[in-house]
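heads up, no residue letters with this:
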């Protein structure tokens, strides 16, 4: 990984053999000089081999950690290697690599700590399942109160962060369902986030892990995570600001 | 009532011995056995002392003294399970950090083998 120190694209992946090569190739096509790091969450299929073959660097977790632990590994390594910006792209092919430059440009130009690639920031006809839609609407409502500003797509995994946020996430990052909690973590530290419109494709292979009863668990888990983070950081609000 | 107290006395002795043997066989670390040993001794003391049981029942306005025993047991085990949850959470955090560190070190090693040691500025 000897290219630019400025931007790294990380791709968390678990058993994405059907999509990973296409994802890596599309990123390389769009950003030929930007390194791509696939973080493999202990896949049992050919994800690692296919990612390497497609030209990505691969970090292989020896044990399955879940999405949050997997993404945080990428953030930790990116921080150690001195990258200034990291964009996370899902390994199932849902995110469009053509949107990465837009996220990166907004990160650099606005100075925001996090930029979210959002399906809903513009009425661009993006659809989701009814259950997921209800969940997103509920989280939007709650986050509007907690964050003090609207978030159109709080569950989006298509996010870019700058080095300051990278430092925070290297130390503190939710292990499960990290997207919403990560927003609260940043906001409680008075960090700024922005949203840019982006396209979303149907996943190329596999299926979402948040289905049936797991969606109820997801809802409770994320709600609890929001409350815990609000309490945790509000309790620290009287202390001097951290040096980040 | 005396049969119930005899039974709980036997259970408490059994619990004490099982914990001791488990420590001896290194199945449980000594520091984590302390809570269980204290719980078994407390259970034994309550079951063998009807005076203590009666006083406790009167203090808590409970008509049936054996209920005090069950209530005590319930809270002791609740505390122990909560303590175990704290330990498991801590272990989980440690495991995640270690797995991440191993993966990152392995990445650095593979990178060094492939491209040579990374220079300081990269």
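Sure thing, it's come through. Just so it is clear, the model here is predicted, and its values are computed rather than measured.

give me the phi and psi for residue A:197.
Dihedral angles of residue A:197 (phi, psi; degrees, to the nearest 10) stand at phi -70, psi 140.

separation between it and chain B?
33 Å (C-beta to the nearest C-beta, to the nearest Å). Backbone N, C-alpha and C define where each C-beta goes, glycine included.

so that residue makes contact with residue A:118?
Yes: with contact defined as C-beta atoms under 8 Å, residue A:197 reaches residue A:118; the gap is 6.1 Å.

which residues in chain B form helices?
B:2-24, B:30-48, B:50-59, B:65-115 (DSSP state H).

so which of those gets nearest chain A?
Closest approach to chain A among those (C-beta to the nearest C-beta): helix B:65-115, 4.6 Å.

just how off-centre is the closest one within its chain?
In terms of C-alpha atoms, centre = their mean, to the nearest Å, the centre of helix B:65-115 is set 12 Å apart from its chain centre.

what about that helix, near chain A?
Yes: Helix B:65-115 is in contact with chain A by C-beta under 8 Å from any C-beta of the partner chain, via B:95-96, B:99-100, B:102-104, B:106-107, B:111, B:115.

tilt between that helix and helix B:30-48?
170 degrees (axes from the mean of the first three to the mean of the last three C-alpha atoms, to 10 degrees).

now for helix B:65-115, which elements pack on it?
Applying 3 or more C-beta pairs under 8 Å, 6 or more residues apart in numbering or on different chains; DSSP states H and E, we find helix B:65-115 packed against strand A:57-60, helix A:67-80, helix B:2-24, helix B:30-48, helix B:50-59.

ok, back up a step: drop anything exposed from the residues of helix B:65-115 next to chain A.
Buried by 16 or more other C-beta atoms under 10 Å in any protein chain shown: B:96, B:99-100, B:103-104, B:107, B:111, out of those.

show me where chain A has its strands.
Ranges of strands in chain A, per DSSP state E, are A:7-13, A:36-40, A:57-60, A:85-88, A:114-118, A:159-162, A:193-197.

in terms of secondary structure, what does the third one contact?
Helices and strands touching strand A:57-60, as assessed by 3+ C-beta pairs under 8 Å, 6+ apart, comprise strand A:36-40, helix A:47-53, helix A:67-80, helix B:65-115.

would you reformat these as JSON lines and include mean pLDDT and distance to residue A:172?
Putting the helices and strands packed on strand A:57-60 into JSON lines (pLDDT from 0 to 100; distance: least, C-beta to C-beta, whole Å) gives the following:
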{"stretch": "strand A:36-40", "mean pLDDT": "96", "distance to residue A:172": "18"}
{"stretch": "helix A:47-53", "mean pLDDT": "96", "distance to residue A:172": "27"}
{"stretch": "helix A:67-80", "mean pLDDT": "95", "distance to residue A:172": "9"}
{"stretch": "helix B:65-115", "mean pLDDT": "90", "distance to residue A:172": "11"}
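
any chance of the ones you listed in CSV, with distance to residue B:16 too?
Formatted as CSV, the helices and strands packed on strand A:57-60 follow (distance: least, C-beta to C-beta, whole Å):
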stretch, distance to residue B:16
strand A:36-40, 48
helix A:47-53, 51
helix A:67-80, 40
helix B:65-115, 13
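
give me the most central residue, chain A.
Nearest to the geometric centre of chain A sits residue A:157, at 3.8 Å (C-alpha atoms, centre = their mean).

the closest residue to that residue other than its chain neighbours and chain B, how far apart?
Take residue A:157 and drop its neighbours on the chain: the residue closest to it by C-beta to C-beta, 6 or more residues apart in numbering or on different chains is residue A:90, 5.0 Å away. Going from residue A:90 to chain B by C-beta to the nearest C-beta gives 19 Å.

now swap in residue A:172 and tell me
11 Å.

who are the contact partners of the residue nearest to that residue when sequence neighbours are not counted?
Spatial nearest neighbour of residue A:172, excluding adjacent residues (C-beta to C-beta, 6+ apart): residue A:185 at 6.0 Å. Listed by C-beta atoms under 8 Å, 6 or more residues apart in numbering or on different chains, the contact set of residue A:185 reads A:168-169, A:172-174, A:229, A:233.

for the helices and strands packed on helix B:65-115, which one sits closest to residue A:112?
Each of those was scored for nearness to residue A:112 using C-beta to C-beta, and the closest is helix A:67-80 (16.7 Å).

chain center to the closest one: distance?
For helix A:67-80, the distance to the chain centre is 10 Å (C-alpha atoms, centre = their mean).
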